[in-house]
Structure formats: C-alpha cells, structure tokens
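Chemist: The following comprises the amino acid sequence and a computationally predicted model.
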Amino acid sequence: MAKSAIIHEVCPIAQGINILSGKWKLQIIWFLSLKQTTRFNELQKSIGNITTKTLTQQLRELEEQKVVKRTIYPEVPPKVEYSLTEIGETLRPILKALNDWGLHYMDLANQDIPLEENTIQNIELE
C-alpha cells in the first residue's frame, strides 16, 4: 500500500480534503445547504459557470461519498432532486465559517475583489 493511502486512512484533514476537493464541490454543497431540495437546472443556474458535465460528475462523487442525496420521482418526465444527507448537513457550519472568513479576509486585504453575480454573502445558517 502506498504511503499516501495510509495517511488518508488515518488523517482526518486529509480525509476531509479528499472529499471536498474537486471542481465546484464546495459551491455545490453551499448552495444545497441553502435549500431543502434543488433540481439540477436550478443548481446549475445558481452556481453560474459550471458545465453540465462537471456538475453531473461532482454530484455523482458527492453522492458516492454520502454527502449528497439524489431522489428520483416516478413521473413523466422524470423529476430528480438533490439535497444534503445527514453527513452533508454537518458541513453547514464549516461552510458558514469559511464564508465569514472570506469576508474577513477581503476586509483585511483591503482588495477590490470582484464578486461573481451569484455570490451569496452574509447568509444566516441555523
């Protein structure tokens, strides 16, 4: 077994990074944390510049990691909704803290960082 595989098994930080690293994963989880359930197109519009392929891939990975739940309703046309699992819900305060840190960083750095038009700030999470 490779040394890095052993580290991932015993290091909680490495495990967390492994699950959360990926293009757009944090944004996907953030937007899902703001709603009970979200459909694919609504999620894609909320995030902005994410491609259909990338969103599909990231949602599948998050589903495999038990962070996101995909619910298919037996309707015509099929209705699919995404939501956070119980494990995914535990990320809410972490993402809220990251949002707060980002705002604090922007103030401290005194930079004119352009905000994406879909950026959400100062969201109160329960």
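Modeler: Looks like it came in fine.

Chemist: what residues are up against the most centrally placed residue in the chain?
Modeler: Geometric centre of the chain, nearest residue: Ile29, 2.1 Å, by Cα atoms, centre = their mean. Contact analysis of Ile29 by Cβ atoms under 8 Å, 6 or more residues apart in numbering lists Leu20, Leu62, Val67, Val68, Leu84, Gly88, Leu91, Leu95. Any C-beta I mention is one placed from the backbone N, CA and C, and that applies to glycine too.

Chemist: Inside strands: which ones of these?
Modeler: Judged by DSSP state E, the contacts of Ile29 include Val68, Leu84 as members of strands.

Chemist: Distance to Thr51, pLDDT and neighbour count added to the contacts of Ile29, as CSV?
Modeler: Formatted as CSV, the contacts of Ile29 follow (distance: Cβ to Cβ, whole Å; pLDDT from 0 to 100; neighbours: other Cβ atoms under 10 Å):
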residue, distance to Thr51, pLDDT, neighbour count
Leu20, 20, 90, 16
Leu62, 16, 96, 24
Val67, 20, 96, 23
Val68, 18, 97, 23
Leu84, 22, 97, 22
Gly88, 22, 96, 21
Leu91, 23, 95, 20
Leu95, 22, 92, 19
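
Chemist: Could you export the contacts of Ile29 as JSON lines, including distance to Pro77?
Modeler: Shown next, in JSON lines, are these (distance: Cβ to Cβ, whole Å):
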{"residue": "Leu20", "distance to Pro77": "32"}
{"residue": "Leu62", "distance to Pro77": "24"}
{"residue": "Val67", "distance to Pro77": "26"}
{"residue": "Val68", "distance to Pro77": "22"}
{"residue": "Leu84", "distance to Pro77": "25"}
{"residue": "Gly88", "distance to Pro77": "26"}
{"residue": "Leu91", "distance to Pro77": "31"}
{"residue": "Leu95", "distance to Pro77": "32"}
